[in-house]
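Participant: Any chance you can model this:
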Amino acid sequence: MKNAAQPPPGVDHNDHTDLMFLAGAEAAPADVLEVRTVVRDGWYNMPTDLAWWKGYYWLSYRRSTGHSCVHGNSSVVLLRSNDLRRWRPVQVFEPPGGIIDGRGTAAGHFTQDENRLYIFCPVQFPAASGVKARIYMSWTEDGQTWSNPAPLQLDDYYPYTWRVRLHQGRFYAAICYLERDASPFDLIVSNDGVNWTRHARIAPGHPLHFTEETDLYWCADGELWCIVRAHGPALMYWSRPPYEQWKGGINLQVRCDAPAICASGERVYLAGRVDVEGNPHGTTGVYQLERGRVQRVLSMPVGGDSSYPGLISLEPGHLAMSYYSDVAYWSGMVKPRHFDQYYRKRSECDIYLSEFKVGG
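Facilitator: Numbering: from 1, shown residues only. Predicted coordinates:
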C-alpha cells in the first residue's frame with residue numbers, strides 16, 4: 001500500500017456462570033432521520049468505516065471495478081466532512097507497488113487517539129502470486145500528511161486484522177488464522193500498531209469456524225466484549241482485565257457480518273449485515289447489544305449486495321452509520337453505468353450515510 005508457537009493464556013469455555021442477560025424493556029425500533037447518498041459514481045464501492053477526529057467526520061471506502069478487490073483497479077478512498085453532508089476527498093491508498101498484477105486494497109478501518117488518526121488497510125494479492133494478504137497501517141497528525149504505510153508483524157507471521165481498537169494507549173485486535181480450516185481465535189496487542197504480540201487465546205476453535213471480521217468494545221467497568229462473524233450466526237465473548245481469561249462463545253442466533261460496535265448514551269449498538277426473511281442477500285442492520293443478547297432495532301432497504309458499516313454516536317441516542325448498497329440499481333431506480341464485461345452482479349454499489357435516533 002502506498003499514499004496516491006506456544007498458545008497464550010487460555011479460556012474456560014465451560015464456565016458460563018457470569019452469563020447474565022440484562023433485564024429491561026425490549027429495544028424500541030430506531031427512528032431514521034435521513035439517508036443520504038455520499039458516493040454514486042459508477043464504481044463498485046464497498047466496505048466503509050466512519051470516525052470523528054479533530055473536529056471532522058472521516059469516511060473510508062474501497063473503490064473497485066468488482067466485488068473482489070483483486071478484480072483490479074482497487075484502492076481505499078478517504079473523505080472528510082464537517083457536517084456529514086458535504087464530503088471532500090483527502091487521500092487515496094493503493095497497494096504497495098501500485099494497482100498492477102491484480103493486487104488491490106480491500107478495506108480501510110480507523111482507530112484514533114487525541115493526536116493521531118490511524119487507518120489499517122488489507123492488501124490482497126491474486127492466488128496465483130502465492131503472496132498472502134497483508135495489513136498495512138498509516139497514520140496522520142494533521143489529516144493531510146500520512147506516514148509511509150507499514151505491514152503488521154506478529155513474530156514471523158503477518159496477522160490479518162479487521163477492526164483495530166485503541167484502549168489506554170495500546171492497540172488491540174482479535175484475529176483468526178485464515179489459512180487454517182479450524183482456526184484458533186486470539187487477542188493480540190501492540191504499542192505502535194505495527195509490531196504485535198499474542199496476548200491471550202479467546203477460543204481454541206469453534207464448530208462454526210471463525211472469520212476475520214471482528215470488533216471489540218470496552219464497557220465502563222473495564223470488561224471487554226468481542227463480537228466475531230462465524231460461518232453462521234455471530235458469536236460473543238467477554239473478559240475482565242487483564243483480558244487473559246475469556247468466557248462466552250455465546251451464539252447470538254443472528255447474522256452480523258462485518259460487526260461494528262458503538263455506545264450511545266447508556267446503551268450499546270451493533271451494526272453489520274443482517275438476515276432478511278425470504279431474501280438470501282441480507283441487508284445492513286443495527287442491533288441493541290447486551291452481554292449474550294441482541295435485539296434488532298433497524299434494517300435498511302434490501303439490495304443484492306450491501307452492508308459493511310461504520311458506526312459512530314453524535315450524541316446520546318443519535319447515531320450515524322456509513323454503509324454500501326446496490327439498492328438503487330437492484331430496484332431499477334438508477335441505471336447502471338458499467339459495460340457488460342465489468343460486472344460481478346448487475347449493478348454498481350454506492351456509499352450511503354444514515355442518521356437515526358435510538359432508545360426509548
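
Participant: Skip the chain neighbours and tell me the closest residue to the most centrally placed residue in the chain.
Facilitator: Centroid-nearest residue in the chain, with Cα atoms, centre = their mean: A258, separated by 4.8 Å. Nearest residue to A258 in three dimensions, chain neighbours excluded: Y308, at 4.3 Å (Cβ to Cβ, 6 or more residues apart in numbering). Heads up, the C-betas are built off the backbone N, CA and C, glycines and all.

Participant: Would you mind measuring from that neighbour to H167?
Facilitator: According to Cβ to Cβ, to the nearest Å, Y308 stands 23 Å off from H167.

Participant: Run through the bridge partners of R198.
Facilitator: Beta-bridge pairing for R198 (DSSP bridges): I188.

Participant: any idea how far L50 is from the closest residue to L216 other than its chain neighbours?
Facilitator: If the residues on either side of it in the chain are set aside, L216 comes closest to R165, at 4.7 Å by Cβ to Cβ, 6+ apart. The gap separating R165 from L50 is 14 Å, by Cβ to Cβ.

Participant: Compare these two and say which one has the larger neighbour count.
Facilitator: For R165 versus L50, the count of surrounding residues by other Cβ atoms under 10 Å is larger for L50: 24 against 19.

Participant: bridging residues for the more buried one?
Facilitator: L59.

Participant: which ones are touching it?
Facilitator: Y57, W58, L59, F110, P309, G310, L311, I312, A320, M321, S322 (Cβ atoms under 8 Å, 6 or more residues apart in numbering).

Participant: From the contact counts, what lies against whichever strand or helix holds the fourth one?
Facilitator: Right, the one you point to is F110. If you go by DSSP states H and E, F110 is part of strand 109-112. Under the contact definition 3 or more Cβ pairs under 8 Å, 6 or more residues apart in numbering; DSSP states H and E, strand 109-112 sits against strand 44-53, strand 56-64, strand 117-124, strand 165-167.

Participant: Surely the residue nearest to A258 is in a strand?
Facilitator: Yes - assigned with DSSP: H, G, I helix; E, B strand; the rest coil, Y308 falls within a strand.

Participant: how many neighbours does it have?
Facilitator: Y308 has 24 neighbours, counted by other Cβ under 10 Å.

Participant: Report pLDDT for it.
Facilitator: For Y308, the model assigns a pLDDT of 96.

Participant: pretty sure it is touching G108, no?
Facilitator: No - here Y308 lies out of contact with G108, judged by Cβ atoms under 8 Å, at a distance of 11.1 Å.

Participant: Need the residues touching each of those two.
Facilitator: Taking Cβ under 8 Å, 6+ apart as the contact rule, Y308 and G108 both touch P47.

Participant: re earlier: who's in contact with the strand holding F110?
Facilitator: Outside strand 109-112, the residues that touch it by Cβ under 8 Å, 6+ apart are 49-51, 53, 58, 60, 117-121, 162-166, 171, 310.

Participant: Looking at that strand now, give me its mean pLDDT.
Facilitator: 98.

Participant: ok now that strand, how far from the chain's centre?
Facilitator: 10 Å (Cα atoms, centre = their mean, to the nearest Å).

Participant: How about stretch 256-274?
Facilitator: That offset, for stretch 256-274, works out to 10 Å (Cα atoms, centre = their mean).

Participant: Just checking, which helix or strand succeeds the helix or strand containing the residue nearest to the centre of the chain along the chain?
Facilitator: Under the criterion of DSSP H and E, A258 resides in strand 257-264. Following strand 257-264 in sequence order, the next helix or strand is strand 267-276 (DSSP H and E).

Participant: and that following strand with strand 257-264, angle?
Facilitator: 150 degrees (axes from the mean of the first three to the mean of the last three Cα atoms, to 10 degrees).

Participant: helix or strand right after strand 267-276?
Facilitator: strand 279-290.

Participant: List the buried residues of that following strand.
Facilitator: Buried residues in strand 279-290, counting neighbours by 16 or more other Cβ atoms under 10 Å, are found at H281, G282, T283, T284, G285, V286, Y287, Q288, L289, E290.
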